[in-house]
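Novice: Build me a model:
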Amino acid sequence: MSPAARRAAAVLVVALPLAGCQAAGGIVGGVSGVTAGIATGNAAVGYAVGVGIRAAVTATLQYVSRRIARGEQDSISATAGAIPLGTVADWKVEHALPFGYGDAQGSVQVVRLINTPLAECREVAIGIGEKVEERITIIATTCLQDGKWKWASAEPAVERWGVLQ
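Specialist: Below is the predicted model of the structure:
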């Protein structure tokens, strides 16, 4: 690899943490594609490697994001299922990721019971955030499924939900 290519790769590696998770697949794919193209002397091989690695990195990050969201939803649902109507309780989820990444906490209150012949559900008001004055409130539904309370709300198709769309 030429010194210029090494410098370019080093700049991209340093820029990766600054770009955020959404750009990670493109940056890693670009670096690996350029490296493979230079190593093989074939631009088509570099392009194929870059596209493949970009797809793999992006899919992995989306999987991790969905697991983080599912952990939060399961914690909220379990807390909401254990409290009576009108009661406010705190929920918290800690993931096994380093530096507390993805950990969340807040409060949940059951605001309505929905009992039908098909399902037993609860409408809940969820406060998300560590500081009470900075919490945002979301209304969601959780239902009893196979003995466990599970998230039952469809996610809105807006940008803040990212990979959950």
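Novice: For the strand of greatest length in the chain, which strands pair with it and how are they oriented?
Specialist: Ranked by residue count and defined by DSSP state E, the top strand of the chain is strand 104-115. Using DSSP bridges, the strands paired with strand 104-115 in its sheet are strand 88-93 (antiparallel), strand 120-128 (antiparallel).
Novice: So which bits of the last one are buried?
Specialist: For strand 120-128, burial by neighbour count (16 or more other CB atoms under 10 Å) applies to 121-128. In short, each C-beta sits where N, CA and C put it, glycine included.
Novice: Name all residues that make contact with the residue nearest to Ala82 when sequence neighbours are not counted.
Specialist: Using CB to CB, 6 or more residues apart in numbering and skipping residues adjacent in sequence, the residue nearest Ala82 is Ala89, 7.5 Å away. Contacts for Ala89 (CB atoms under 8 Å, 6 or more residues apart in numbering) come out as 79-80, 82-83, 107-109.
Novice: try it again with 7 Å
Specialist: Neighbouring residues of Ala89 by CB atoms under 7 Å, 6 or more residues apart in numbering: 79, 83, 107-108.
Novice: what does Ser77 give?
Specialist: Neighbouring residues of Ser77 by CB under 7 Å, 6+ apart: 142, 149-151.
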